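In: build me a model:
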Amino acid sequence: MTSNLAAVSYGVKISPDSLEGVRKVLADAGAEVSAESQEGDDRFGVFTSEVEARLESPDDLSALRRRVAEAAVEGVDTALVPMGLRQAERKLLIMDVDSTLIQQEVIELLAAYAGKREEVAAVTEAAMRGELDFAQSLHARVAVLAGLPAAVVDSVRNEVRLSLGAAELVAAFKAAGHVVAVVSGGF
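Out: Sure thing, here's the model as predicted:
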């Protein structure tokens with residue numbers, strides 16, 4: 001079975017060399033990459049290449065995605081999606097809040113008011129390394145916030161800064177009739 005996929009690569013300041021690296025990773029993983037199908041948007045650092053992959057089962061797509069993730073090109077993330085989904089008239093952009101849509105980790109900003117920023121940052125880093133599961137990490141981080149006055153939330157709100165290009169990305173998606181959603185596994 002052959003499946004047409006879109007390899008959507010994104011990152012800050014993607015170079016032609018890094019895109020060539022993505023194509024090589026895909027080819028090494030068994031996908032046929034059509035170089036002439038590449039399209040991109042320099043404003044947001046998003047580039048798409050059409051990929052034809054021979055997949056025997058849905059598990060093959062998972063394996064291909066795993067291989068691409070394991071051989072990642074520095075500074076570039078690549079998502080493999082069915083071409084039909086990529087070409088859909090209406091799209092849905094879902095992004096994380098902390099350190100993605102915004103530049104900070106809100107729970108660390110709150111913890112700073114409790115004098116525990118470094119402690120919370122260390123727990124966050126341990127969770128990112130897989131040393132703690134999400135529930136353990138969240139409980140450990142929230143415990144240090146006990147007793148903070150509610151007014152701290154307003155102070156933290158004033159410290160939050162959008163990531164570079166985030167406002168333009170959301171505006172462009174909405175102007176094109178797409179839907180944007182944000183989620184947070186943090187706080």
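In: show me what the helix or strand hosting L109 is packed against.
Out: Taking DSSP states H and E as the definition, L109 sits inside helix 106-113. Contact here means 3 or more C-beta pairs under 8 Å, 6 or more residues apart in numbering; DSSP states H and E; on that basis helix 106-113 packs against helix 117-128, helix 134-143, helix 151-159. All C-beta atoms are positioned from the backbone trio N, CA, C, and that covers glycine.
In: the same query, at a cut-off of 7 Å, please.
Out: helix 117-128, helix 151-159 (3 or more C-beta pairs under 7 Å, 6 or more residues apart in numbering; DSSP states H and E).
In: what residues are up against the spatially closest residue to E105 that is not a sequence neighbour?
Out: With C-beta to C-beta, 6 or more residues apart in numbering as the criterion, E105 has its nearest non-adjacent residue at 4.6 Å, and that residue is D98. For D98, the contact set (C-beta atoms under 7 Å, 6 or more residues apart in numbering) comprises 104-106, 184, 186.
In: for these, which one is nearest G130?
Out: Set against G130, the nearest of those by C-beta to C-beta is G186 (16.4 Å).
In: any idea how far the residue in the chain sticking out farthest from the centre lies from A112?
Out: Distance to the chain centre peaks in the chain at G147, reaching 33.1 Å (criterion: C-alpha atoms, centre = their mean). Using C-beta to C-beta, to the nearest Å, G147 is found at 14 Å from A112.
In: would you mark the buried spots in stretch 105-119?
Out: Neighbour counts using 16 or more other C-beta atoms under 10 Å place 105-113, 116-117, 119 of stretch 105-119 among the buried residues.
In: re the thing from before, of all the contacts of D98, which two lie farthest apart?
Out: Greatest spatial distance in the contacts of D98: Q104 and S184, 12.2 Å, computed using C-beta to C-beta.
In: alright, I will stop here.
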